[in-house]
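1. Build me a structure from this.
(3 chains)
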Amino acid sequence: MTQAQSTTPALPAIRAKGLSVFGHRGGQPVSIADDVSIHVRPGESIAIVGESGSGKSITARAMLDLLPQGLDAKGVVELAGAPLAGLTRRQAQRLRGGELAFVMQDPFTMLNPISRCGEQITAKLRDENGKRLSKKARREQAHIRLGEVGISDPAVADRYPFELSGGMRQRVAIAAAIAENPRVLIADEPTTALDVTTQKEILELLSKLRDTHRLGLILITHDLRVAFSVCDRVYVMYAGEIIETGRPDDLVGAPRHPYTANLIEADPPIDRRLGSLASIPGSVPAPGSRPSGCRFAPRCQWAAPECEATHPSLETSFSGHAVRCARADEIATDLVADLHRHRQTVLTPLRVDDGSVPVISTRAARRVYGAKVAVASADVDVYRGESIGLVGESGSGKTTLARMMVGLTRPTSGSIRVAGVDLAAARVSKGEWETVRSTVQMAFQDPYSTLNPQRSVGSALRDGLRLTDKSSVPRRIDELLERVGLASSYARRMPAQLSGGERQRVAIARALARNPQVVVCDEVVSALDVSVQAHILNLLRELQSDLGLAYVFITHDLAVVRQVTDRIYVLKDGAIVEQSTTEKVLDDPQHDYTKRLIGSIPHVELMTPR
Amino acid sequence: MSLDITTTETTDKPWLISPLARMILQRLVAAVVVLFVVTILIFAFIHAAPGGPEQAIGGREATPELLESIREENHLNDPLWQQYTTFVTNLLHGDLGTSYTRREPVSTSIATAAGVTLPLLLATWVLSTVIGGALGLYTARRQGSRADRAVIGFTVVGASSPVFATGVLLSYVFGVKLGWLPTLGSGDGGMDTVKHLILPVLTTTIVLMASTTRFARVRFGQVLEEDQVTFARSRGLSSRYIVKTVVLKNSGVQMITLAGAVLVAMTGGLVVVEQVYGLQGIGTLLITGITMRDIPIVQGVTLVIALMVVVINLVVDVLCFVIDPRLRKGLEATS
Amino acid sequence: MTDASALTGGRITPWRRSARRLKLPVAVGISVLFMALAVICVIAPFVAPHDPTFIDPTKSFLGPSLDHPLGTDQLGRDIVSRIIAGARTAVLAPLALAAGAVLLSTVLAVLAGYTGGRIDAVIGRANDILYSIPSLTVAIVIVGVVGGGFTLSIAVLMVFGLPGNIRLLRAAVLERVNLPYIEAAKMSGLSTPRILLTQLVPAISPLIVTSFFLQVTFAIVELSSLSFLGLGVAPGSPDWGLMLAENRAALSSNVWAAAGPALCLVALAVSSNLIGDWLYTRYEKAGRSR
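-> As a prediction, the model looks like this:
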């Protein structure tokens, strides 16, 4: 997208200097974000990237003076050179929306569900005298604003949010946010809840608005690709502070902080299959338990004793590229060389169809909910030891299809054969169910609901183990945990004591408890941070080669598909529109929809270091 | 990934009447059925009970001959179904029968008693809903503050105290100890009646307001934590707008349902309060009817309460549909 | 780990929660103490200083003294001893009522929510009708008209205690039946009864516990209201509600004859309410996933 002139003399639209946010625990202040300095010029877009716990959202909230109760901020925020501190509530209210706008992640919760879209967009508009606009003027304005965000149908103004799709709601929200022509728009993960094609449209819309409205755009995201493809400058945050900032090209080509390099390495590429994905050991330290030296030091492969001793400051090297690492200069060449080497370990496809009998085979499988056709007619085969992907956006029917394959959803018609048992049959005997259960198992998307909050890890695994074989269950629990890389002490833990990645490991272990031949993975990594995602993907690959497992991957993420599958079925509106080997589909898509899907992925050459 | 809901097309089906009217009609039919069941239940219970009403009319000293003539006179010897048919037929003509003990039409007794109960009921309901709602909003916006904690403390105690315990303690403090207010009887009209109503109203209000506050605080608190409030604040919309258009509107369905439930639940509480303060209202009428075995009175009062409950629930349902477009559109989609 | 997840991704509610945390433990401590006291009175009514039924007309409405800490009633019976004797019905009956109502509600809610379809529709419809009926009013009419005793009061209030609990628990079941952990249990081949007992019921257990204590509070209030009206209990028996009714006319002679049982009722109801709330927050916090 457009490069901003880094030499623009214009005053920053917004600038935060030494912004810190802290909460309180047991009477002690606990810092959440520290000494964050950020600026964005009119017409420029910047990104703040970081994993969960980096403090990126809280920083944005602090800039908007919208911190949740119990959190306080320190530091200076200037809007067009004027400090925001010391404003009256009324003045602050005028600034918010008027000068400074905000769009949030979830279009389904951001709008008032029982107020019409037009009313919400025009709620704050006033005429020159500060009077509320007339009904007619409000209507007119609503239509204009909707047009600005690419909604040409004026009837949308009279709709309620629940009558619109996610992408439309996000557009309406953006229209409402920028109704007063603000200088700055802060967008907090504005596309995370959306499909990839919708994501592309929204990102393009934001870029367009930045240009037409001379907006300073601050994009907060966990997605490196989005950040690097859309923004002029990127700030990388870790454990509450900025650890590196610079232009996307510089960051991608020559990251100077080991964490940035690790993040880039962990992000799975779409165009090739890597030998193994880089993952970062350990986890992001929580506020209150952050190291006093370099906060990344305990997880850093380059860490030296000095790193743990002193807290490094953010040093600018050249053309605005700044890094918070004491050894940045020392390791610069090694870091880039490492990154380069990592990207070279390309793997060719693992397995090919050997023509044997498929373990799972669906023929004309169809599922209808009332008038809605979830899956129209699907023919899918899963062979022993292979890995297939069911790819599509929300509403494509991929999850319904997978659920039919494991017997959680009954097909309306057609046949689903699992190890010879037809799950579409009028009656499936108990013995046949046993066969199905010990053939195919499932792992689910949301790490927070995949485990029963009231039951320990051990008891979650025990159920399945007991049903295969009643002997030596405790020992086999330990073995299962070890298989997924967890210590046996985890058996006693409750789910609330586990991180998202650990929960997914337990969920995978639970699926393995019945020694299945096929594991259906329903978006197992989509809720995880990129470094944790890499852990899980590596684990899945390892299990596959150790146990000869076959996988059915349900995902919207083509980069993930590239890393772990041999064949792909592309679904749209309940129908399979394209199927072939992963390489063929991704490198030479035939169907228009597949082309559109691939074309929607933010394009960054993460892979070619200069 | 959240489910993407595509734009629903509003189909123009030529309904003879609007979906809302259809719904109301359905509910009305259901209400009639419920009332019918209630009459049967009341009737069955009363006639299954030991000790006939003739004893109540004739008094303890009545001779068997007298009792028999009373039975004859009141058609108590007819088969049950016949008595029931007569009862329902009269009912449909608006005739609730004649009280055995008060020697007047039941409708007259109820009307007199309602004169005492209705002011009490309405005053309490309005006060507890308004004050409870306001306190709920106040505390929801200041969660964790000292005021919030004080209010919570009050609501826990207020909501879990039996109304008669509160009543007795209040009448001791204001009636016996301070001597400010009368604690017994309905008063002789005018200011005196008002004075006599203050303590009963206060007693019931404390209990109901406490529950309302607790509920409102939770509901308002939920909405205040929603993204839509943050988004509205980020747009610089005033707190007035946020309270009015976001918080109150989005809690409307729950608060109306609550207000209806409070009104319904009050029927039981009022019986007790009227006993505590010796008010000659509907509740007292019911209790004396029960102790005197005055079947027409018990039947009449129960039916009136049942009718009230049915009407309240219907009104609540209709209001909810009117204020929440999601319910409304859902209704249109399913009809 | 809890700390880490507590502050991740902008979900900051734990901070608010801790800010909002009331000084409950003290209140809860007192509540537990009071409950314990009440239970002691139930198990060992002989701790009473006097015979609760001993009548001595010469000692009518005595004020508090060393011998009679809360004085006497009209018939000269010792108030403290009567309160201790009354603890049995005051504590046991609500507990039994709540246990019955919540147990039955759980069974019906799980049945309705898990099986869905026609069973759910029937239970739901019946429940809606029952829900719209004011329980205390109906209890007054039924118990009054039938003239039944305490057991009938408990039975009627138990039935009318169902709908609220069923609604709450059924909604909780519906929220969870399609969650991955229930589906995973199905996938691993557990039988339906086992899934219900070992997965679903534990998952909603915090709500079951809360419902129970809330129901105890309701039961205390409603049962005592009935006995205050003279319904369900035999005249003259040492019941807190009845004592209040008997002694309220003599507030000026010995206020404690009415205030004693009144305060005990309030304390009992408040205690169970507070304990329920507190258990819920603790339970929920322990199981809270994020």
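2. Return the set of residues that bridge with A:T362.
-> A:V380, A:I416 (DSSP bridges).
3. from what I can see it touches A:T409, true?
-> No - counting by C-beta atoms under 8 Å, A:T409 is not a contact partner of A:T362; they are 12.0 Å apart. C-beta here means a position set from N, CA and C on the backbone, and glycine is covered the same way.
4. When the two are compared, which one has more neighbours?
-> A direct count of neighbours by other C-beta atoms under 10 Å in any protein chain shown for A:T362 and A:T409 places A:T362 higher, at 25 against 19.
5. Mind pulling the model confidence for the more buried one?
-> The score at A:T362 is 93. That number is its pLDDT.
6. In contact with it, which residues?
-> A:T362 sits next to A:A378, A:D379, A:V380, A:D381, A:L401, A:M404, A:M405, A:P411, A:G414, A:S415, A:I416, A:R417 when contact means C-beta atoms under 8 Å, 6 or more residues apart in numbering or on different chains.
7. Residue in the stretch 1-150 of chain C with the shortest distance to chain B?
-> C:L136 (2.8 Å; C-beta to the nearest C-beta).
8. Surely that residue forms part of a helix?
-> Yes - using DSSP: H, G, I helix; E, B strand; the rest coil, the secondary structure at C:L136 is a helix.
9. burial of residue 104, as a residue count?
-> Using chain A here. 26.
10. meant chain C, my bad for not saying
-> For C:L104, the count of nearby residues is 16 (other C-beta under 10 Å).
11. try A:F102
-> Neighbours of A:F102 using other C-beta under 10 Å come to 27.
12. For the closest residue to it other than its chain neighbours, give me its contacts.
-> Nearest non-adjacent residue to A:F102, counting by C-beta to C-beta, 6 or more residues apart in numbering or on different chains: B:S234, 3.5 Å away. Residues counted as contacts of B:S234 (C-beta under 8 Å, 6+ apart) are A:L64, A:L66, A:R96, A:G97, A:L100, A:A101, A:F102, A:M104, A:A177.
13. Number of residues surrounding the fifth one?
-> Just to be clear, that refers to A:L100. Neighbours around A:L100, by other C-beta under 10 Å: 29.
14. buried set for stretch A:272-280?
-> A:R272, A:R273, A:L274, A:L277, A:A278, A:S279, A:I280 (16 or more other C-beta atoms under 10 Å in any protein chain shown).
15. My error: substitute stretch C:31-38 in the last question.
-> C:S31, C:F34, C:M35, C:L37, C:A38.
16. can you list contacts of it?
-> C:A87, C:A90, C:V91, C:A267, C:L268, C:V270, C:S271, C:S272, C:L274, C:I275.
17. Pull the number of nearby residues for the spatially closest residue to the residue of the stretch 1-150 of chain C closest to chain B that is not a sequence neighbour.
-> The shortest distance from C:L136 to any residue that is not its chain neighbour, by C-beta to C-beta, 6+ apart, is 2.8 Å, and that residue is B:G268. The local packing of B:G268 (other C-beta under 10 Å) involves 23 other residues.
18. now the one 10 residues further on
-> In terms of burial, B:G278 registers 14 neighbours under the definition other C-beta under 10 Å.
19. My guess is it contacts B:G185. True?
-> Yes - with contacts counted by C-beta under 8 Å, B:G278 reaches B:G185, the gap being 5.3 Å.
20. And the closest residue to chain C within the stretch 151-300 of chain B, how far from chain A?
-> Of all residues in the stretch 151-300 of chain B, the one sitting closest to chain C is B:G268 (2.8 Å; C-beta to the nearest C-beta). Per C-beta to the nearest C-beta, to the nearest Å, B:G268 is found 33 Å from chain A.
21. Also C:V32?
-> 23 Å.
22. Quickly find the element holding A:F102.
-> A:F102 belongs to strand A:100-103 when elements are defined using DSSP states H and E.
23. Now A:Q170: closest residue in space, sequence neighbours ignored.
-> A:P107 (4.1 Å).
24. number of nearby residues for the one you found?
-> There are 29 residues near A:P107, going by other C-beta under 10 Å.
25. my guess is it meets A:F162, correct?
-> No - counting by C-beta under 8 Å, A:F162 is not a contact partner of A:P107; they are 11.0 Å apart.
26. what's the pLDDT at A:Q141?
-> Per the predicted model, pLDDT is 90 at A:Q141.
27. Not counting sequence-adjacent ones, nearest residue to it?
-> A:T122 (5.2 Å).
28. how near is the one you found to C:A87?
-> 64 Å (C-beta to C-beta, to the nearest Å).
29. just C:A259 next, same as before
-> Counting by C-beta to C-beta, the gap from C:A259 to C:A87 is 17 Å.
30. likewise C:I204?
-> 31 Å.
31. now do C:V146
-> Applying C-beta to C-beta to C:V146 and C:A87 gives a distance of 27 Å.
32. more neighbours, those two?
-> C:A87 (23 against 16).
33. Pretty sure that one sits in a helix.
-> Yes - C:A87 forms part of a helix when assessed by three-state DSSP.
34. my guess is it meets C:V47, correct?
-> No - using C-beta under 8 Å, C:A87 is not in contact with C:V47, being 10.3 Å away.
35. which residues do these two both contact?
-> Counting by C-beta under 8 Å, 6+ apart, the residues touching both C:A87 and C:V47 are C:C41.
36. Just the helices from the stretch 101-250 of chain C, written as ranges.
-> C:117-131, C:135-146, C:150-177, C:180-187, C:192-195, C:201-228, C:240-247 (DSSP state H, counting those that start in this stretch).
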